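**Student:** attaching a predicted model along with its sequence, questions to come.
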Amino acid sequence: MSRYAIVTLLESVLGKGKQTSSDDVAFHCPFCNHHKKKLEVNIVSQYWHCWVCNARGRKLPILFRKLNVQRDKIAKLVGLLDDVEYKPTKTTTNTEVLQLPEGFKPLWVLNKSAPEFRNAIAYLFRRGVTLSDIFKYRIGYCDKGPYHGKIVIPSYDGNGSLNYFVSRAYYEDDKYKHKNPPTSKDVVGFELHINWDMPIVLVEGAFDAIAIKRNAIPLFGKTISNTLKRRIVENGVKDIYICLDEDARKQALEVAEYFIGNGINVYFVDLTSKDPSDLGFEKMRTLIDETEQLSPDRLLQEKILCAL
């Protein structure tokens with residue numbers, strides 16, 4: 001009801017709008033008066049942007065003030081926006097706080113006499129993970145319990161609290177290569193290490209993020225969580241590099257369209273051969289540095305090719 005009321009209020013000021021996605025509505029721009037509806041408004045993030053004259057802002061009340069809208073309408077808008085304001089979801093499926101699994105041992109504490117330690121750290125070295133990476137990301141292994149024989153890579157939120165973890169078997173004959181906790185993925189992976197003032201790199205897995213070594217966020221899958229999308233917009237991130245596998249091209253294009261619609265510069269890194277974790281830091285850095293910004297026209301072309 002609040003979203004409908006917000007759109008109705010916007011239309012009372014900007015004229016009839018055109019729904020372009022579940023959260024986005026396009027209007028005629030009052031700043032350049034273009035004959036097409038080029039002023040895109042996101043009613044959740046509140047970001048507004050004209051594709052013609054480049055007028056933009058990050059709060060809808062600011063748009064109303066620029067247009068000298070009556071104070072009572074501005075007050076009404078603020079009240080409606082409060083009703084749709086993001087409420088963070090819990091990171092677990094119950095009331096318990098997520099904890100590292102039973103038998104977790106830190107790999108940054110040397111224990112060369114333990115066979116499990118030697119096998120775990122040898123596996124990481126083969127994958128190009130360094131001691132510096134192990135210490136930075138607090139990587140460990142489990143020597144007992146349900147995650148026995150697996151590397152455990154924790155993810156911590158901006159306050160240093162565990163919000164997720166992934167595991168990978170370091171014995172090749174392990175029937176179950178991956179085992180992750182039964183909890184929500186609606187989190188910001190590796191948030192503790194993220195600088196929102198710098199370009200963000202989005203990748204699928206934790207090993208991919210570790211391989212890139214600079215401001216990389218793992219999605220823990222092929223889709224971006226609502227929490228992460230909202231956090232990126234709220235923090236005013238200017239540049240995003242999307243590094244998803246070829247089999248996730250459709251999802252990558254959807255992510256790119258969302259961020260371009262919110263005024264963020266998007267760079268679509270072409271991963272047609274290997275994952276970032278297979279390519280390594282130097283090759284990934286070269287790929288990222290050589291990637292050109294994704295324009296709306298090229299985005300449309302990519303979407304058409306993906307649909308064929």
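**Tutor:** That came in fine, so what should we check first? This is a predicted model, so every value here is computed, not measured. Numbers count the residues shown, from 1 in each chain.

**Student:** the closest residue to D24 other than its chain neighbours: neighbour count?
**Tutor:** Excluding the flanking residues, the one nearest D24 by C-beta to C-beta, 6 or more residues apart in numbering is N42, at 5.2 Å. Yep, even glycine has a C-beta here, placed from its N, CA and C like the rest. Look at N42: counted by other C-beta atoms under 10 Å, it has 21 neighbours.

**Student:** list the contacts for N42?
**Tutor:** Neighbour list for N42: 23-24, 48, 233, 261-262 [criterion: C-beta atoms under 8 Å, 6 or more residues apart in numbering].

**Student:** for the residues you listed, pick the one with the most neighbours.
**Tutor:** W48 leads the contacts of N42 on contacts (other C-beta under 10 Å) with 27 neighbours.

**Student:** now name the helix or strand holding the closest residue to that one other than its chain neighbours.
**Tutor:** Once flanking residues are discounted, W48 sits nearest to V41: 4.6 Å by C-beta to C-beta, 6+ apart. Assigned by DSSP states H and E, V41 falls within strand 39-42.

**Student:** give the next helix or strand downstream of that strand.
**Tutor:** strand 48-50.

**Student:** and the helix or strand just after that next one, what does it pack against?
**Tutor:** Once the chain leaves strand 48-50, the next helix or strand it forms, by DSSP H and E, is strand 56-57. Counting contacts by 3 or more C-beta pairs under 8 Å, 6 or more residues apart in numbering; DSSP states H and E, strand 56-57 packs against strand 48-50.

**Student:** pairing partners for the strand it packs on, with directions?
**Tutor:** Its sheet considered, strand 48-50 pairs with strand 39-42 (antiparallel), strand 56-57 (antiparallel) by DSSP bridges.

**Student:** comparing those strands by mean pLDDT, which bottoms out?
**Tutor:** Note on the strands paired with strand 48-50: lowest mean pLDDT is at strand 56-57, with a mean of 85.

**Student:** hmm, back to that, can you report how many residues lie near the residue nearest to W48?
**Tutor:** 25.

**Student:** tell me how far it lies from L14.
**Tutor:** For V41, the distance to L14 equals 8 Å [C-beta to C-beta, to the nearest Å].

**Student:** all helices for the stretch 151-300 of the chain, in order.
**Tutor:** With DSSP state H, counting those that start in this stretch as the criterion, the stretch 151-300 of the chain has helices at 206-212, 226-234, 249-261, 276-290, 296-307.

**Student:** winner for burial among these?
**Tutor:** When you average the neighbours per residue for each of those (mean count of other C-beta atoms under 10 Å), helix 206-212 leads with a mean of 25.

**Student:** ok so, going back, between the helices of the stretch 151-300 of the chain, which gets nearest to C53?
**Tutor:** Closest to C53 of those is helix 296-307 (C-beta to C-beta; 15.2 Å).

**Student:** C142 bridge partners, please.
**Tutor:** Counting by DSSP bridges, C142 forms beta bridges with F104.

**Student:** just checking, it touches I153?
**Tutor:** No - judged on C-beta atoms under 8 Å, C142 makes no contact with I153 at a distance of 11.9 Å.
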